[in-house]
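**Q** Sharing a model prediction with you, sequence too.
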Amino acid sequence: MAKMSPTQLSLAKLREEGWFPWITEHWNSFARIRQDLWGFVDIIALKPGQILGVQTTTASNSSARINKITNHDNVGKVRESGIIIHVHAWYQDDKKKWHCKVQDVS
């Protein structure tokens, strides 16, 4: 199996769970950086009556991503709107199988 990025792993997980996910992260060629929706959402996903924003990363970077979200100027507005905010922290076991630790930072 080809190596999958955390974003691709999260898309597959969300689809399997019945979400309708969409990548919101994009490359800003002028600034030469990746930009997330509201500064911290890589994927937005929908279910009837629910909106989920996901920051996806490797397990080793999850603390930095959680800090990024909790300290971001926009997080209050996103939380007030009722959008659920998760961090998907991906890691492999000894058999190279991928696992996701989901952390709710809503």
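**A** Nice, I can see it. Numbering: from 1, shown residues only.

**Q** Sheet partners, orientation included, of whichever strand or helix holds His86?
**A** Using DSSP states H and E, the element containing His86 is strand 84-92. Within its sheet, strand 84-92 is paired with strand 50-58 (parallel), strand 98-104 (antiparallel), according to DSSP bridges.

**Q** Of all those strands, which one is nearest Ile83?
**A** strand 50-58 (4.7 Å; CB to CB). Bear in mind the C-beta positions are built from the backbone N, C-alpha and C, glycine included.

**Q** For the spatially most central residue of the chain, give the beta-bridge partners.
**A** For the chain, the residue nearest the mean C-alpha position is Gln55 (2.2 Å; CA atoms, centre = their mean). Gln55 has these beta-bridge partners by DSSP bridges: Val87.

**Q** Mind naming the longest helix for the protein?
**A** helix 6-16 (DSSP state H).
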